[in-house]
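Visitor: after the sequence you'll find the predicted model.
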Amino acid sequence: MGILNVTPDSFSDGGEHLSREAAIAHGLRLLAEGADLIDVGGESTRPGAGRAPEATELARVIPVVSALAGSGGVICVDTMRAVVAERAVAAGASVINDVSGGLADPDMLQAVAGLGVGYVAMHWRGHSDVMTSLTHYDDVVGGVVAELGERREAAFAAGIAPANLVLDPGLGFAKTAAQNWELLGHLDRLSALGQPLLIGASRKRFLGELLAVGDELRPPKQRDDATAALTALLAAQGVWGVRTHTVTAQRDAIEVAQRLAGARATTPA
């Protein structure tokens, strides 16, 4: 899933693709590099970010979706608003990526069910301006599994087909670096929820902390090699998808992981 942020304030590429022309060009590049989905977002969800007005989000996202819809890739829209989801699908999107899992907008789950499109429900405890204060878990893996399971059941109850639902543990959203690693170390428990998993680790702070020199975090765009290493490990575990800023490196990592898995499965003569 290639990331296309049409925002001025995303944590690693804010403002780079804010104009319609730049966003469309970048989306086409991501597709040419091998992205299976393009995730178009018009509202930053970096820690501390305020919400974009609905009209602003629509103005950023809809023209880009319309332009990319006929490009041959699957277009996904990263939004917490049912109105944006409906307008995006009308413009050609076929997946909604909702970082709130339907909690931010009470109309979202019913809207997605009515649209009949794919839906990614992420684990979420609150908006970006408060989420760093919501990191207490008695057991982070058990807590995320339970809370994400509740979102799964809410999606099914609203009429979203199981075949259309993907779950995301929400790395970095109301989670510390140590909690992110603990979740990544127990993906089997998340997989037991019975739905495909999307992992969004690209350039995130917990990688910057891992690669820090003293108190200086590795800058976001210098975390891409670590992201690719993690992608290979996730592919080896059969994760459904990764959300990434750099498609070519991730495709290469996936190819290596899949080829090695195939070699291990071959019985020697």
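Guide: Everything's here; your move.
Visitor: pLDDT score assigned to E86?
Guide: E86 carries a pLDDT score of 98 in this model.
Visitor: was I right to think it contacts L115?
Guide: Yes - E86 is within contact range of L115, at 6.8 Å (criterion: Cβ atoms under 8 Å). Every C-beta, even on glycine, is put in place using the N, C-alpha and C of the backbone.
Visitor: what's the overlap in contacts for those two?
Guide: Shared contacts of E86 and L115 (Cβ atoms under 8 Å, 6 or more residues apart in numbering): none.
Visitor: burial count for A55?
Guide: Number of residues near A55 (other Cβ atoms under 10 Å) recorded here: 9.
Visitor: please list all residues in contact with it.
Guide: With contact set as Cβ under 8 Å, 6+ apart, A55 has no partners.
Visitor: is it in a helix, a strand, or coil?
Guide: helix (DSSP: H, G, I helix; E, B strand; the rest coil).
Visitor: gap between it and R87?
Guide: According to Cβ to Cβ, to the nearest Å, A55 and R87 sit 11 Å apart.
Visitor: L115 now?
Guide: Taking Cβ to Cβ, one finds L115 at 11 Å from R87.
Visitor: over to V141?
Guide: 36 Å.
Visitor: likewise E216?
Guide: On the measure of Cβ to Cβ, E216 and R87 end up 42 Å apart.
Visitor: more neighbours, those two?
Guide: Neighbour count, other Cβ under 10 Å: between E216 and R87, R87 has more, with 18 against 9.
Visitor: wasn't the more buried one part of a helix?
Guide: Yes - per three-state DSSP, R87 lies within a helix segment.
Visitor: wait, what's in contact with the nearest residue to it once chain neighbours are set aside?
Guide: Spatial nearest neighbour of R87, chain neighbours left out: I62 (5.6 Å); criterion: Cβ to Cβ, 6 or more residues apart in numbering. The neighbours of I62, taking Cβ under 8 Å, 6+ apart as the test, are 87-88, 91.
Visitor: which helix or strand contains I62?
Guide: helix 54-68 (DSSP states H and E).
Visitor: what's the answer for R264, then?
Guide: Short version, using DSSP H and E: R264 is in helix 247-265.
Visitor: so how far is the strand or helix carrying D188 off the chain centroid?
Guide: Secondary structure from DSSP H and E places D188 in helix 187-191. Distance of helix 187-191 from its chain centroid, counting by Cα atoms, centre = their mean, to the nearest Å, is 17 Å.
Visitor: now do the helix or strand following it: distance to the chain's middle.
Guide: Next helix or strand after helix 187-191 toward the C-terminus (DSSP H and E): strand 198-199. Centroid displacement of strand 198-199 relative to its chain, using Cα atoms, centre = their mean, is 6 Å.
Visitor: stretch 220-240 too?
Guide: On Cα atoms, centre = their mean, the centre of stretch 220-240 falls 13 Å from the chain's centre.
Visitor: can you check stretch 88-99 too?
Guide: Offset of stretch 88-99 from its chain centre (Cα atoms, centre = their mean): 13 Å.
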